[in-house]
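*Asks:* with the sequence up front, the predicted model follows.
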Amino acid sequence: MISKIIIAIVILVVTVFSLCTYRVDETERAILFKFGEIKKADIKPGLHWKIPFINNERKFDSRILTLDVQPDLFPTSEKKYVFVDFFVKWRIDNVRDYFVATGGLEERANSRLSQITKDRLRDEFASRTITEAVSGERADIMNALVVKANVLTNQLGIEIVDLRVSRIDYTDDISGAVYERMRAERNRVAKDFRARGQESAEKIRAAADRERQITLADAYKESEQLRGEGDATATNIYAQAYGKDKEFYTFSRSLTAYKQTFNSKDDVLVLEPDSQFFDYFKQSDPK
């Protein structure tokens, strides 16, 4: 019987304790209500007391949340449109203002935040050209946008931590113009490379022709020198042979001439009867 009483007392104590306390996690912030009216806001993590049936609490995620906005068209200062896909990193900065403005609903907060950031982003793109928006000024756009948007989101109890454009796409008409411009630029570069290549080829060809002419001239010069030296040597040999035995030299030269002249049966030679070519044929006893 005593054990049942003890168990009942323990159960009662646990029940009363659970009704009189609530726990806020490290990743949460809470609001304490009294008959539906905010009694205490921005309650830090830990174990807290409340009056049962009089107080009730609402807990909210205090971590950084992500809003992935659907891509939308934004006009530039050139009255041309681009598709912009971006996302927002945000968190609850003031729990009381957040609850009053959104009713504590994350979907409603995302909707309000999406509209605010789109409006500010549209203003930023409208003051810049496509080139400025797509190239190096993107970081400046994002920084300015975060500052301006935070002025409005502070009223919602929300702080924008970061905003990033993940993708910027041209519309079809702009894409065609951009591709044509890129194609023209690539063609210009290709023509420039071809012209440089042709210029280099002409220089190489001219250098090769010059080297060829120099080589041929040097070879001709050397061949003429060798031919001259050979002719001089031959003349010297002929002279020495002639000086040793004039008659034999004449006879040997005549035989060589006969041999070179009558090397075919079909050869015909027309000479005068008293021609010196056949002197050795006419002499029966040549000396």
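*Replies:* Received, thanks.
*Asks:* show me where the stretch 101-250 of the chain has helices.
*Replies:* According to DSSP state H, counting those that start in this stretch, the stretch 101-250 of the chain carries its helices in the segments 106-126, 130-134, 138-153, 172-244, 246-261.
*Asks:* can you give the domain ranges for this structure?
*Replies:* Using automatic domain parsing, the domain ranges for the chain come out as 2-61, 65-170.
*Asks:* quick one: end-to-end distance for the first one.
*Replies:* By Cα to Cα, to the nearest Å, the extent of domain 2-61 from end to end equals 45 Å.
*Asks:* how far does it sit from its chain's centre?
*Replies:* 60 Å (Cα atoms, centre = their mean, to the nearest Å).
*Asks:* i'd like the first residue to be 56 from this point on
*Replies:* From this message on, residue numbering opens at 56, which makes the last subject domain 57-116.
*Asks:* now render the helices of the stretch 156-305 of the chain as TSV, adding distance to Glu214.
*Replies:* Backbone N, C-alpha and C define where each C-beta goes, glycine included. TSV is the format used below for those (distance: least, Cβ to Cβ, whole Å):
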stretch	distance to Glu214
helix 161-181	11
helix 185-189	26
helix 193-208	6
helix 227-299	35
helix 301-316	116
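*Asks:* so which of those helices is nearest Asp123?
*Replies:* Proximity of those to Asp123 was assessed by Cβ to Cβ; the nearest stretch is helix 161-181, lying at 9.3 Å.
*Asks:* rounded mean pLDDT for that closest one, please.
*Replies:* For helix 161-181, mean pLDDT is 87.
*Asks:* low-confidence ranges, the stretch 106-255 of the chain, go.
*Replies:* 188-193, 226-236 (pLDDT under 70).
*Asks:* repeat the analysis, applying 90 as the threshold.
*Replies:* 106-117, 123-142, 148-152, 154-161, 170-211, 216-255 (pLDDT under 90).
*Asks:* output the helices of the stretch 156-305 of the chain as JSON lines; include the columns distance to Val216 and mean neighbour count.
*Replies:* Shown next, in JSON lines, are the helices of the stretch 156-305 of the chain (distance: least, Cβ to Cβ, whole Å; neighbours: other Cβ atoms under 10 Å):
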{"stretch": "helix 161-181", "distance to Val216": "12", "mean neighbour count": "17"}
{"stretch": "helix 185-189", "distance to Val216": "23", "mean neighbour count": "17"}
{"stretch": "helix 193-208", "distance to Val216": "8", "mean neighbour count": "16"}
{"stretch": "helix 227-299", "distance to Val216": "32", "mean neighbour count": "10"}
{"stretch": "helix 301-316", "distance to Val216": "110", "mean neighbour count": "12"}
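*Asks:* for Ser73, find the nearest of the ones you listed.
*Replies:* Nearest to Ser73, of all the helices of the stretch 156-305 of the chain, is helix 161-181, at 27.1 Å by Cβ to Cβ.
*Asks:* starting at the chain centroid, how far to the closest one?
*Replies:* 33 Å.
*Asks:* do stretch 129-148 as well
*Replies:* 26 Å.
*Asks:* gap between the two ends of that stretch?
*Replies:* 29 Å.
*Asks:* pull out the buried residues from it.
*Replies:* Phe129, Thr131, Tyr136, Val137, Val139, Phe141, Val143, Trp145, Arg146, Ile147, Asp148 (16 or more other Cβ atoms under 10 Å).
*Asks:* is the residue nearest to Ser221 when sequence neighbours are not counted in a bridge, and if so with what?
*Replies:* Spatially, and ignoring its direct neighbours in sequence, Ser221 is nearest to Asp140 (5.1 Å; Cβ to Cβ, 6 or more residues apart in numbering). Applying DSSP bridges to Asp140 gives these bridge partners: Arg222.
*Asks:* do you know how far Asp140 is from Glu161?
*Replies:* According to Cβ to Cβ, to the nearest Å, Asp140 stands 21 Å off from Glu161.
*Asks:* what of Val201?
*Replies:* With Cβ to Cβ as the criterion, Val201 and Glu161 are 20 Å apart.
*Asks:* next one: Lys299
*Replies:* Taken as Cβ to Cβ, the span from Lys299 to Glu161 is 129 Å.
*Asks:* now swap in Arg167 and tell me
*Replies:* Distance from Arg167 to Glu161, by Cβ to Cβ: 11 Å.
*Asks:* same check, this time on Lys59
*Replies:* Distance from Lys59 to Glu161, by Cβ to Cβ: 47 Å.
*Asks:* try Leu102
*Replies:* 25 Å.
*Asks:* likewise Glu81?
*Replies:* 19 Å.
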